[in-house]
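Enquirer: Return atomic coordinates for the entry below.
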Amino acid sequence: MKIAILGGTGDQGLGIAIRFVQAGENVIIGSRKAEKAEKAVEEIKELLKEKNLDNIEGLSNEDAAKKGDILILTVPITAQKPTLESVKEFVNGKIFVDATVPLQSNLGGTPMTYFIPWEGSAAEETEAILKGNGAKIVSAFNNISSSSLMNFNEKVDCDCLISGDDADSKKIVSELIEKIPGIECIDAGPLEQARTVERITSLLIGLNIRYKTHYGGLRITGLKQK
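Expert: Here you go, the predicted model:
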C-alpha cells in the first residue's frame with residue numbers, strides 16, 4: 001500500500017511522512033512541483049540519517065495521486081481547492097484523508113481563528129469537490145500539531161479524532177495512524193463531525209501560545225475502545 005501525502009512539503013506533511021517511513025510504510029510526498037517534493041525527500045533522509053531509504057519518493061501532486069492507494073491532504077485552506085481540482089481525476093474509489101483546518105490569520109499577532117466553510121467543514125468541502133469520483137473521505141490529523149509529528153524520536157501524546165461516512169475506510173485509516181507511536185484513534189462519527197473536530201484546532205493553538213509550548217494536544221478519556 002502506498003501513502004501519498006499531497007502538499008506534503010510543509011511541517012505537517014513532512015512529519016506525517018517521517019512517521020510512516022519509520023513505521024515501514026511506502027510513502028510518496030506530493031507537491032505542486034516535483035522538484036520541491038524531491039527536495040523534501042532528501043530533507044527527510046538527512047533528518048533520519050538514512051541516505052538509502054527506498055520506501056519514500058517525491059512526485060508532483062498529480063503523479064502522487066495516481067500512484068497512491070491512500071491519499072492524505074496536508075495543505076493550508078487557501079490551497080485546498082486548487083490542489084483538489086488538480087488531482088480530482090486520479091482519486092477514483094480511493095480513501096482520501098483530509099487534514100485541512102480552515103484557519104485565518106488575525107491582525108495584531110493574535111492566534112489564528114477558525115472560520116466556517118460553505119459546506120460546514122473543510123472535509124465536507126473536499127467531499128463536495130470530489131463528489132462523483134467515488135472517493136471515500138475521512139477527516140483526520142486535524143488536532144495533532146506539526147511539532148509533535150516532527151519530534152520524530154518521541155511518542156505523540158495526542159489522540160486522533162476520525163470522522164467519515166464509510167466505516168471500513170475509517171478502520172483502515174485508524175489502523176494506519178496508530179502505527180505512529182503514542183497516537184490512539186477515536187471514531188468521532190460521520191463526516192459532519194469534522195465541523196466540531198476542526199474547530200478544536202484553533203483552541204489548541206491558543207493554548208499552546210498561552211502555555212509557551214508546541215506540543216499541547218487532545219486526549220479523550222473514559223472510553224472503552226471496541
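
Enquirer: what's near enough to touch the residue most central in space within the chain?
Expert: Most central in the chain under CA atoms, centre = their mean is residue 99, positioned 3.7 Å from the mean C-alpha point. Residue 99 is in contact with 12, 16, 72, 73, 74, 139, 140, 141, 142, counting by CB atoms under 8 Å, 6 or more residues apart in numbering. C-betas here are computed from N, CA, C, even on glycine.

Enquirer: Which single one of these is nearest to residue 184?
Expert: Of all the contacts of residue 99, residue 184 sits closest to residue 140, with 12.4 Å by CB to CB.

Enquirer: Which of the helices and strands in the chain ranks last by mean pLDDT?
Expert: Lowest on mean pLDDT, DSSP states H and E among the helices and strands of the chain sits strand 113-114, with a mean of 74.

Enquirer: From the rest of the structure, what touches it?
Expert: 101, 102, 103, 104, 106, 198, 199, 201, 202.

Enquirer: what kind of secondary structure is the first one in?
Expert: Classification of residue 101 by DSSP: H, G, I helix; E, B strand; the rest coil places it in coil.

Enquirer: Look at it and report its pLDDT.
Expert: Note for residue 101: predicted pLDDT of 92.

Enquirer: Okay, it and residue 217: tell me how far apart.
Expert: Counting by CB to CB, to the nearest Å, the gap from residue 101 to residue 217 is 14 Å.

Enquirer: Those two: who's more crowded?
Expert: residue 101 (25 against 19; other CB atoms under 10 Å).

Enquirer: That one reaches residue 77, doesn't it?
Expert: Yes - between residue 101 and residue 77 there is a contact under CB atoms under 8 Å: 7.0 Å.

Enquirer: could you pull out the strands for this protein?
Expert: 2-6, 26-31, 56-60, 70-73, 95-98, 103-104, 113-114, 136-139, 159-164, 184-189 (DSSP state E).

Enquirer: could I get those strands as TSV with distance to residue 148 and mean neighbour count?
Expert: As requested, these are arranged in TSV below (distance: least, CB to CB, whole Å; neighbours: other CB atoms under 10 Å):
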stretch	distance to residue 148	mean neighbour count
strand 2-6	16	27
strand 26-31	18	27
strand 56-60	20	22
strand 70-73	16	26
strand 95-98	17	28
strand 103-104	17	14
strand 113-114	20	16
strand 136-139	18	27
strand 159-164	11	25
strand 184-189	14	18
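
Enquirer: As a markdown table, those with distance to residue 41 would be great.
Expert: Listed next are those as a markdown table, based on distance: least, CB to CB, whole Å:
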| stretch | distance to residue 41 |
| --- | --- |
| strand 2-6 | 11 |
| strand 26-31 | 6 |
| strand 56-60 | 4 |
| strand 70-73 | 16 |
| strand 95-98 | 20 |
| strand 103-104 | 27 |
| strand 113-114 | 32 |
| strand 136-139 | 25 |
| strand 159-164 | 25 |
| strand 184-189 | 27 |
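
Enquirer: which of those strands has the lowest average pLDDT?
Expert: Ranked by mean pLDDT, the strands of the chain end with strand 113-114 at the bottom, a mean of 74.

Enquirer: Centre of the chain to that strand, how far?
Expert: Strand 113-114 sits 18 Å away from the centroid of its parent chain (CA atoms, centre = their mean, to the nearest Å).
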